[in-house]
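In: give me a 3D structure for the following:
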Amino acid sequence: MPKIMQSHIRWTMAVVGLWFLCFAEPVDANVAGTKHDMYFLQKGTDPNVCTYCHIPHNAFGEKIWSDWANEAQLQMGTFGTIGNMCYTCHDGTVSMAGLNTVFNANLQQHKITSGEDCDMCHTVHDNTNGKFMSVGKTQNSYCATCHDNVMNAGGLGDHVGPGNHPSYWTSTPTHNWGLNDCNFCHGPYPGYSGNVNSCEICHVPAHGAMNYSVGQITHPILREDNTDSAFCGHCHPANVQTQPTNPEAFWKHPANMNPPGSWGNVDCKTCHDPHQPDKPTHPAILQEQNVDSGYCMICHDATGNSQGPSIGDSHPVNILLSMTPVDPTTAPTGSQIDDDGIKGIDYLLNSDNMICETCHSVHRKGHDQYMLRQKEMFLCQNCHQTN
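Out: This next block holds a predicted model:
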């Protein structure tokens, strides 16, 4: 067969193959009419939707990338192959989408699996799920595909199941908890949907989060820096210690949050895990159970080797409170503690004994030093009445 005929056949097969790639496969046909259709958006004159990204001859890489728009970025960009191709349009020359978030080196991005790029979550040829996502929304977000109790997100646990904070939280007329600004929970954040029953209330789903990392979690993709529980304090200002200019806001646990004390910088995540399902044995998304102050004793035991100040041979706890306090609300038994006034009794498994929280209110009702429910003299007299 003459070489010119062989060349013609190869060229014809390449063109037919490209045509088949673009129009015969239903997935690729889904590009038409979307934001990846440059002809539809009047950003090009070629009605073939494929040629803006792919070309059969003189292409770059195994995906037969076209050099349309920004060849230099395609070949020398700092991202992976697919990321570089995306950036030829998302660098502001064609689209502003993602320029200030996805490709902003000053902001934190979702971790990328080795060998993948934008294609870890996105498929450029199909917008059925919105945002060209390769997975559909489940449980109000795209997160559940990986962060469920089956795939376990690299051993981090079930992050989206019922009971996690604040997924599937039901709003009530008093849900503001004393907040004066709706934006604490409802934005304003770029791209935020305003859906409080979603991971999005705390996290930027994938792109443009604050550069904040803690412990082994190097990419929490939080909307705000949570150093010293500052982000937690947006929705829980009554629970977070502040400077002593306001005593009622200051005597909250952690007692040594700002500045750190001799027992270290204790903050919200020391005791709470927002991805710990709220269950009877672990209410208030505690990392450990606190039946009859059991969690308190992890740090405040009587051995002198505890992480926090030892209680030593101090006031006895876990004994039946035989005396009737003048005001039970300021000296409740373990089974009657309701410090938040929202969900009823805080610890359903507590006994009727006197426990740590009988005298101390860890977050809510501390009005004196040591998180006492009352000033020390009045609190003692509540039970030890004198004539």
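
In: straight-line length of stretch 348-359, end to end?
Out: One end of stretch 348-359 to the other measures 18 Å (CA to CA, to the nearest Å).

In: in that stretch, what's buried?
Out: Judged by neighbour count (16 or more other CB atoms under 10 Å), stretch 348-359 contains these buried residues: 350-351, 353-359. For the C-beta atoms, the positions are set from N, CA and C on the backbone; glycine is no exception.

In: strands of the stretch 101-250 of the chain, residue ranges please.
Out: Using DSSP state E, counting those that start in this stretch, no strands are found in the stretch 101-250 of the chain.

In: got any ranges where it has weak pLDDT?
Out: 139-140, 150-158, 166-197, 242-250 (pLDDT under 70).

In: redo that, cut-off 50
Out: By pLDDT under 50, the weakly predicted segments of the stretch 101-250 of the chain are 168, 171-173, 177-179, 189-194.

In: for residue 380, what is the enclosing helix or strand?
Out: Residue 380 is part of helix 376-383, with elements assigned from DSSP states H and E.

In: alpha carbons of that helix, as PDB, please.
Out: Output of helix 376-383 as PDB, limited to C-alpha atoms (Å, rounded to 0.1, in the frame of the first residue of the first chain):
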ATOM      1  CA  GLU A 376     -18.000  29.700  97.000                       C
ATOM      2  CA  MET A 377     -19.600  30.800 100.300                       C
ATOM      3  CA  PHE A 378     -23.200  30.700  99.000                       C
ATOM      4  CA  LEU A 379     -22.600  27.400  97.200                       C
ATOM      5  CA  CYS A 380     -21.500  25.700 100.400                       C
ATOM      6  CA  GLN A 381     -24.400  27.100 102.400                       C
ATOM      7  CA  ASN A 382     -26.800  25.800  99.800                       C
ATOM      8  CA  CYS A 383     -26.300  22.300 101.300                       C
END
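
In: just checking, residue 290 touches residue 355?
Out: No: at 9.3 Å, residue 290 does not count as touching residue 355 under the criterion of CB atoms under 8 Å.

In: what about the helix holding residue 380, average pLDDT?
Out: In this model, helix 376-383 carries a mean pLDDT of 84.

In: show me what that helix is packed against.
Out: Applying 3 or more CB pairs under 8 Å, 6 or more residues apart in numbering; DSSP states H and E, we find helix 376-383 packed against no helix or strand.

In: show me the contact partners of it.
Out: Residues outside helix 376-383 that contact it (CB atoms under 8 Å, 6 or more residues apart in numbering): 321, 323, 325-327, 330-331, 359, 368, 370, 372-374.

In: if we use 6 Å, what do you get?
Out: Counting by CB atoms under 6 Å, 6 or more residues apart in numbering, the neighbours of helix 376-383 from elsewhere in the structure are 323, 325-326, 331, 372.

In: pLDDT weak spots in the stretch 251-387 of the chain?
Out: Judged against pLDDT under 50, the stretch 251-387 of the chain has no low-scoring part.

In: now do the helices in it.
Out: Taking DSSP state H, counting those that start in this stretch to define them, one finds helices in the stretch 251-387 of the chain at 268-271, 296-299, 356-359, 376-383.

In: could you measure the residue nearest to residue 296 when sequence neighbours are not counted against residue 162, distance?
Out: Closest residue to residue 296 apart from its sequence neighbours, by CB to CB, 6 or more residues apart in numbering: residue 356 at 4.7 Å. Applying CB to CB, to the nearest Å, one obtains 30 Å for the distance of residue 356 from residue 162.

In: what does residue 119 give?
Out: Plainly put, residue 119 is 31 Å away from residue 162 if you go by CB to CB.

In: please say which of those two ends up with more neighbours.
Out: The neighbour count for residue 119 versus residue 162, taken as other CB atoms under 10 Å, is higher for residue 119 (17 against 12).

In: quick one: residues contacting that one.
Out: Neighbouring residues of residue 119 by CB under 6 Å, 6+ apart: residue 82.

In: list the contacts of the spatially closest residue to residue 330 that is not a sequence neighbour.
Out: By the measure of CB to CB, 6+ apart, the closest residue to residue 330 outside its immediate chain neighbours is residue 373, 4.7 Å from it. Applying CB under 6 Å, 6+ apart, one finds that residue 373 lies in contact with 330, 361, 365.

In: what's the domain layout of the chain?
Out: Per automatic domain parsing, the domain ranges recorded for the chain read 3-112, 271-387.

In: closest one to residue 149 among those?
Out: Taking CB to CB as the measure, the domains of the chain were each checked against residue 149, and domain 271-387 came out nearest at 9.4 Å.

In: from the chain's centre, how far out does the closest one sit?
Out: Counting by CA atoms, centre = their mean, to the nearest Å, domain 271-387 is centred 29 Å from the centre of its parent chain.

In: also stretch 218-238?
Out: Here the centre of mass of C-alpha atoms in stretch 218-238, compared against the chain's by CA atoms, centre = their mean, lies 10 Å away.

In: what's the first-to-last distance across it?
Out: 28 Å.

In: what comes up buried for that stretch?
Out: Residues of stretch 218-238 classed as buried by neighbour count (16+ other CB under 10 Å): 220-223, 226, 228-229, 231-236, 238.

In: same thing with stretch 334-353?
Out: Residues of stretch 334-353 classed as buried by neighbour count (16+ other CB under 10 Å): 334-337, 339-340, 346-347, 350-351, 353.

In: thinking again about what came up before, distance to residue 129 added to the helices of the stretch 251-387 of the chain, as CSV?
Out: As requested, those are exported to CSV (distance: least, CB to CB, whole Å):
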stretch, distance to residue 129
helix 268-271, 32
helix 296-299, 44
helix 356-359, 47
helix 376-383, 57
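
In: nearest to residue 215, of those?
Out: When the helices of the stretch 251-387 of the chain are compared by CB to CB, helix 268-271 sits nearest residue 215, at 8.3 Å.

In: nothing else from me, thank you.
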